[in-house]
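Colleague: prediction below, plus the sequence it came from.
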Amino acid sequence: MSPTIHRTFDSLHVPNYRRYFAGQVVSVSGNWIQNVAAMWLMVQLTGDGLAVGLTAALQFLPLMLFGVWGGLLADRVDKRKLLIGTQIGLMVPAVVLAATTFTGTVTPLVIYAMVFLRGTAMAIDNPARQALPIELVGPDRVVNAVALNSVVIQTSRIIGPGIAGLLIAVVGIGWCFVVDALSFLAMIAALLRLDPDEMGEAPRATRHKGAVREGVAYVRHAPHLWIPLAMMGLIGLLSFNFQIVLPLMAHDTWQGTATTFTLLTMTMAVGSVIGALVAGNRREITPRLLVGAATLFGTFQLLAAAAPILPLQLLPLVLLGMASVTFSAGVNSTLQLQVDPAMRGRVMALYSLVFLGSTPIGAPLVGWIAGWAGPRVGLAVGGVAALVAAAGAAWAYRRVAGRGYGRPAEQDATGTVPGPTAAGPVPRVVTHV
């Protein structure tokens with residue numbers, strides 16, 4: 001087991017990544033505390049699925065509007081300093097929500113405004129955060145680092161909602177926002193402790209007209225980039241809407257409380273952590289893996305939607321969590337390994353755009369469907385979308401391979417991406433089925 005465990009946690013041998021990882025655990029847990037609190041607060045104030053969907057949409061709308069420019073900024077400036085600034089900006093909405101909740105002046109309009117402000121900071125934060133790991137660990141460990149980042153996110157989905165449920169039940173929902181605001185201090189401290197001399201330096205993008213369009217054109221002419229991005233676009237639009245469907249499932253289908261919502265969220269997160277740990281031991285990303293993960297994603301989502309009772313929904317949610325993180329981490333790793341370093345911020349901004357920035361369209365739509373036809377139907381729509389994405393990608397990869405087009409220029413004849421090999425073989429990213 002020792003070599004397997006070593007590969008699973010390989011990136012944690014890098015001191016800079018270890019510091020970053022620790023800060024992420026606290027900060028992302030705070031994010032989930034805030035997410036659960038904001039969504040549940042909106043359910044309490046309105047009881048309306050469309051209102052819950054709009055809350056999620058407004059949080060991610062800035063990614064759609066400004067995300068690509070955030071990626072350009074990440075290509076031009078020091079990502080560490082940029083992230084310190086965004087952490088400070090992300091504290092402001094949490095402080096306002098805490099104050100208005102404690103004073104009894106919180107309204108749906110206040111929640112809408114604060115989640116939009118939070119989303120604006122995230123539009124700058126997310127591309128830099130997505131592009132930073134490869135500078136911390138190098139290309140030989142990036143698949144592992146992306147998987148461990150997924151472990152952070154999914155573990156936080158267990159820790160955060162659990163803390164949120166406890167705080168709501170014991171001291172009140174306002175304290176969730178206080179804890180979220182304080183959690184950003186841990187990330188700021190971690191970023192300040194990073195050693196710049198130990199970080200890989202990506203080429204800085206020059207200032208010139210059309211830099212954003214240049215990034216879009218770069219992806220458009222690279223099938224090894226646009227196929228996984230297209231998959232993520234459809235799945236991000238209709239399938240990754242659990243923050244809307246699960247609270248409605250808990251409230252409407254199971255007639256439960258915040259504890260029921262927390263149980264559903266934590267159950268799915270357990271599967272996600274397992275999937276992320278397995279991904280951390282993986283040495284290659286293939287189209288077959290991405291298509292297979294999307295297929296399982298859709299299948300398990302449909303099974304969760306069809307569960308007749310709450311206990312029978314828990315197992316499909318665990319399996320759904322495993323499939324979802326395998327897919328998202330696979331897409332992320334594929335993009336990071338195959339992109340020109342000078343384009344990494346812009347390409348990862350496009351990843352954030354299709355993954356999170358599609359929420360302003362998908363969240364109200366799925367929220368409306370769930371409110372009109374029931375949460376089961378809202379969940380089933382996501383399952384069908386994932387199956388369609390898997391089928392479309394399988395067809396596209398075969399067509400690209402048939403044309404002899406799709407292998408990046410930087411790969412050699414074996415499909416291996418060149419890079420440092422100090423920690424073992426460089427991960428392979430195969431671009432044909």
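Modeller: Done, it's in.

Colleague: rest of the way, CA atoms for contacts and neighbours
Modeller: OK.

Colleague: and the helix or strand harbouring residue 111, what does it pack onto?
Modeller: Using DSSP states H and E, residue 111 falls within helix 108-131. Packing partners of helix 108-131 (3 or more CA pairs under 8 Å, 6 or more residues apart in numbering; DSSP states H and E): helix 15-46, helix 49-76, helix 79-103, helix 344-355.

Colleague: please save the CA atoms from it in PDB.
Modeller: Taking C-alpha atoms only, helix 108-131 is exported to PDB below (Å, rounded to 0.1, in the frame of the first residue of the first chain):
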ATOM      1  CA  PRO A 108     -34.200  38.400  -0.200                       C
ATOM      2  CA  LEU A 109     -32.900  41.600  -1.800                       C
ATOM      3  CA  VAL A 110     -29.900  41.800   0.600                       C
ATOM      4  CA  ILE A 111     -29.100  38.100  -0.100                       C
ATOM      5  CA  TYR A 112     -29.200  38.700  -3.800                       C
ATOM      6  CA  ALA A 113     -26.900  41.700  -3.600                       C
ATOM      7  CA  MET A 114     -24.400  40.000  -1.400                       C
ATOM      8  CA  VAL A 115     -24.100  36.800  -3.400                       C
ATOM      9  CA  PHE A 116     -23.700  38.900  -6.500                       C
ATOM     10  CA  LEU A 117     -20.800  40.900  -4.800                       C
ATOM     11  CA  ARG A 118     -19.300  37.600  -3.700                       C
ATOM     12  CA  GLY A 119     -19.500  36.300  -7.200                       C
ATOM     13  CA  THR A 120     -17.700  39.300  -8.500                       C
ATOM     14  CA  ALA A 121     -14.800  38.600  -6.300                       C
ATOM     15  CA  MET A 122     -14.900  35.000  -7.300                       C
ATOM     16  CA  ALA A 123     -14.800  35.900 -11.000                       C
ATOM     17  CA  ILE A 124     -11.300  37.200 -10.300                       C
ATOM     18  CA  ASP A 125     -10.300  34.600  -7.700                       C
ATOM     19  CA  ASN A 126     -11.300  31.500  -9.500                       C
ATOM     20  CA  PRO A 127      -9.100  31.600 -12.600                       C
ATOM     21  CA  ALA A 128      -6.000  32.400 -10.500                       C
ATOM     22  CA  ARG A 129      -6.900  29.700  -8.000                       C
ATOM     23  CA  GLN A 130      -7.400  27.100 -10.800                       C
ATOM     24  CA  ALA A 131      -4.100  28.100 -12.500                       C
END
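
Colleague: returning to what we had before: among the helices and strands packed on helix 108-131, show me which one is buried the most.
Modeller: Of those, the one with the most neighbours on average (mean count of other CA atoms under 10 Å) is helix 344-355, at a mean of 29.

Colleague: quick one: contacts of the helix or strand following that one?
Modeller: Sequence-wise, the next helix or strand downstream of helix 344-355 (DSSP H and E) is helix 359-373. Residues outside helix 359-373 that contact it (CA atoms under 8 Å, 6 or more residues apart in numbering) are 48-54, 56-61, 64, 236-238, 241, 244-245, 248, 375-379, 381.

Colleague: in the helix or strand hosting residue 169, which residues are buried?
Modeller: Per DSSP H and E, residue 169 falls inside helix 142-170. By neighbour count on 16 or more other CA atoms under 10 Å, the buried set for helix 142-170 is 142-168.

Colleague: pLDDT of that helix, averaged?
Modeller: Mean pLDDT, helix 142-170: 77.

Colleague: enumerate the positions of the helix or strand following it that are buried.
Modeller: Next in sequence after helix 142-170, counting helices and strands by DSSP H and E, comes helix 174-193. Residues of helix 174-193 classed as buried by neighbour count (16+ other CA under 10 Å): 174-188, 190-191.

Colleague: I'm done for today, thanks for sticking with me.
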